[in-house]
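Undergrad: Have a look at this prediction, sequence included:
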Amino acid sequence: MCCSVGFARSLGLALLPLALCCIVANLLLLFPMGETTYIEQDHLSRYIWYFGGLGGGGLLMLIPAVVFITLGKCSCCWNESLMMCGSVFAAVIGLVGSGYCFIISGLALLQGPYCFTSLGWRYPFSELGGSYLLEPESWSKCHQPVHIVEWNITLLCVLLGLAVLEFVICLLQLGNGLVNAICRPCCYKQQYSLNA
């Protein structure tokens, strides 16, 4: 059990910086090029307001991170199987959060930025199904905010990558927790029956 708790703690410690990076990336999406005028005038992409990085990959991911890190700290209130069941539940919460972050970031990337074009404020790339990502020459359609396409692509790709890492970490702990919650009591029963 000691090894699985140590493994869970290391996974929790790995989740903390990932969650903080998701929060920072999502906050940067709210302020293109560091300017506040676009958020004040509501000239941001629709999916940015769904807070995939802030909520899903960030704050929601802090729950499994804290649970994994604190496993085994309170031996008086949890037996080993219940402790691992709690970590399984936290891992499921983490899977949901990272999945939400991945889906919202992917949808935002496919839709493209909301920007000022020669036709006014609109989504100039929404009908292209993400093909604009491979056509940098078309990015000049967006006049304001300056370099918004590059800004969004960079931060949304960072969020996608972080969400995948968080998903893998939570999946590892899900497997670790299930194996220890289910197999550990069986192993102890066999050990006791052999000693009797």
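TA: Cool, got the structure. Bear in mind that the values here come from a model prediction, so they are computed numbers and not experimental data. Numbers count the residues shown, from 1 in each chain.
Undergrad: Contact partners for the residue nearest in space to the middle of the chain?
TA: Nearest to the mean C-alpha position of the chain, by C-alpha atoms, centre = their mean, lies Gly57 at 2.5 Å. Gly57 makes contact with 18-19, 22-23, 26, 97-98, 100-101, 159, 162-163, 166 under the criterion C-beta atoms under 8 Å, 6 or more residues apart in numbering. (Glycine included, C-beta is placed from N, CA and C.)
Undergrad: Among the residues you listed, which ones are in strands?
TA: Within the contacts of Gly57, no residue falls in strands by DSSP state E.
Undergrad: With neighbour count, distance to Ile182 and pLDDT as extra columns, can I get those residues in TSV?
TA: Output for these, formatted as TSV (neighbours: other C-beta atoms under 10 Å; distance: C-beta to C-beta, whole Å; pLDDT from 0 to 100):
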residue	neighbour count	distance to Ile182	pLDDT
Leu18	20	28	97
Ala19	27	28	97
Cys22	31	31	97
Ile23	19	34	97
Asn26	27	36	96
Gly97	27	24	97
Ser98	30	24	97
Tyr100	19	28	98
Cys101	32	29	97
Leu159	28	34	98
Leu162	25	30	98
Ala163	27	28	98
Glu166	30	24	98
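Undergrad: Out of these, the closest to Leu133 would be?
TA: Nearest to Leu133 out of those is Leu159 (C-beta to C-beta; 14.8 Å).
Undergrad: Isn't that closest one up against Gly106?
TA: No: contact criterion C-beta atoms under 8 Å: Leu159 and Gly106 do not qualify, at 9.1 Å.
Undergrad: Please enumerate the strands of the protein.
TA: Going by DSSP E, the chain shows strands at 115-117, 120-122.
Undergrad: Mind checking those for the one nearest to Gly177?
TA: strand 115-117 (44.6 Å).
Undergrad: Next, the buried residues of that closest one.
TA: By neighbour count with 16 or more other C-beta atoms under 10 Å, strand 115-117 contains the buried residues 115-116.
Undergrad: hang on, isn't Asn152 packed against Leu29?
TA: Yes: counting by C-beta under 8 Å, Asn152 touches Leu29, with 7.0 Å between them.
Undergrad: Between those two, which contacts overlap?
TA: Common contacts of Asn152 and Leu29 (C-beta under 8 Å, 6+ apart): Ser45.
Undergrad: same for the worst-scoring helix or strand of the chain on mean pLDDT, what does it pack against?
TA: The weakest-scoring helix or strand in the chain, judged by mean pLDDT, DSSP states H and E, is helix 148-195 (a mean of 82). Packing partners of helix 148-195 (3 or more C-beta pairs under 8 Å, 6 or more residues apart in numbering; DSSP states H and E): helix 2-30, helix 60-69, helix 80-111.
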